[in-house]
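Chemist: Build me a model:
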Amino acid sequence: MLTDEIRIVIKAGNGGKGTVHFYNDKFRPKGGPDGGDGGKGGDIYFIAVDDISKLNRFRNMKHYEAENGANGGKNQCTGKDGEDLILEVPVGTIATYDNGTHVELLKTGDKILMARGGTGGKGNYQFRSSTNQQPQEFGKGIKTNYKQLFLQLKLIAQVGLIGLPNAGKSTLLNELTSAHAKIANYQFTTLEPNLGVMKNGKIIADIPGLIEGAALGKGLGIKFLKHIERTNLLVHCIAADSQDMQKDYQIIRTELSNYSSTLAQKPELVIITKTDLVEKLPDFKHDLAVSILDDKSIKSLNDLISSALS
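Modeler: Residues are numbered from 1 along each chain as shown. Model (predicted):
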């Protein structure tokens, strides 16, 4: 099951303590202060990867801490810095802090600092002076705070396939791309978004079927509508064997409008699917009619999508 929203807690590493130490051997019985500084605490980074399932790892482990910096040593030795912690998240992740600020990872390889490690404290060597030759002072190192994060995935796709359940979206995705989405002749086969890549490199997201009242939480609700907010084009699929194409079309358009006026204004192609199931198409305005049994129609759809995105 796809995890597209999760809350986690992160904490960068504390800075190590500075050390109080005085050099002393038989040749230099009063060698003076030589306590080293503490090491810096580890940072926490997010890095974006091409795997929409990466948020799943946070379901069972929701608390992450980077390594603390080591304490300073004698002979002015600085403590070892704490190891940074790098967490992989899917491209399209929005990370929101509990104060309301947020960051977005929109491209593969994006790397963002989420929590900075504390600086190490100074050792007593740093406090020496002409008037303080036996300093006992040292820095304790900066302690870091826990940060609450809300992670939300919004898929990065140029094309969003939308329509009522069983409108043929997953089948089209399989035909247009190398995806292998599960398909069957019953509603809600698709329970999570599927992605595929067209020959021109454009990404298509197959969004689970909506029903009337989805914006109010019915059926699968609006859980997956956020995944088409970033698309450039909507491909609205309507089954050729529908009892009322205009009603089916309007149900989806109403849900889009109720969810987001911006989403409702995106460019749209209206595609009639499963034309092999009927002898004659109803009188309904559309951009193209297709069947997976007709390779020519699938090629035409591919060309139409490519043209609409250019």
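Chemist: ok, now how distant is the residue nearest to Thr177 when sequence neighbours are not counted from Glu175?
Modeler: Among residues not flanking Thr177 along the chain, Gly196 sits closest, at 2.7 Å (CB to CB, 6 or more residues apart in numbering). The way it works is simple: take the backbone N, C-alpha and C, and place the C-beta from them, glycine included. For Gly196, the distance to Glu175 (CB to CB, to the nearest Å) stands at 9 Å.
Chemist: These two: which has the busier surroundings?
Modeler: Between Gly196 and Glu175, counted using other CB atoms under 10 Å, the more crowded position is Gly196 (23 against 19).
Chemist: thought the residue nearest to Thr177 was touching Ile203?
Modeler: Yes - proximity of Gly196 to Ile203 meets the contact threshold set by CB atoms under 8 Å, at 7.3 Å.
Chemist: Backbone torsions only: list them for the residue nearest to Thr273 when sequence neighbours are not counted.
Modeler: Distances taken as CB to CB, 6+ apart place Gly168 nearest to Thr273, at 3.5 Å, with adjacent residues excluded. Dihedral pair for Gly168: phi 90, psi 20, per degrees, to the nearest 10.
Chemist: now swap in Gln136 and tell me
Modeler: phi -110, psi 0.
Chemist: which residues touch the closest residue to Gly32 other than its chain neighbours?
Modeler: With sequence-adjacent residues excluded and distances taken as CB to CB, 6+ apart, Gly32 is closest to Tyr23, at 6.1 Å. Each residue near Tyr23 by CB atoms under 8 Å, 6 or more residues apart in numbering is listed here: Gly31, Gly32, Pro33, Asp34, Lys74, Asn75.
Chemist: again, 7 Å this time
Modeler: Gly31, Gly32, Asp34 (CB atoms under 7 Å, 6 or more residues apart in numbering).
Chemist: Now do the helices in this protein.
Modeler: Using DSSP state H, the helices assigned to the chain run over residues 169-176, 245-259, 261-264, 295-309.
Chemist: which residues are in contact with the third one?
Modeler: Helix 261-264 is contacted from outside by Ile228, Glu229, Arg253, Leu256, Ser257, using CB under 7 Å, 6+ apart.
Chemist: can you list those residues in a markdown table and add neighbour count and distance to Tyr45?
Modeler: Converted to a markdown table, those look like this (neighbours: other CB atoms under 10 Å; distance: CB to CB, whole Å):
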| residue | neighbour count | distance to Tyr45 |
| --- | --- | --- |
| Ile228 | 24 | 29 |
| Glu229 | 14 | 26 |
| Arg253 | 14 | 41 |
| Leu256 | 24 | 36 |
| Ser257 | 13 | 39 |
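Chemist: can you tell me which of these lies nearest to Ile272?
Modeler: Arg253 (15.7 Å; CB to CB).
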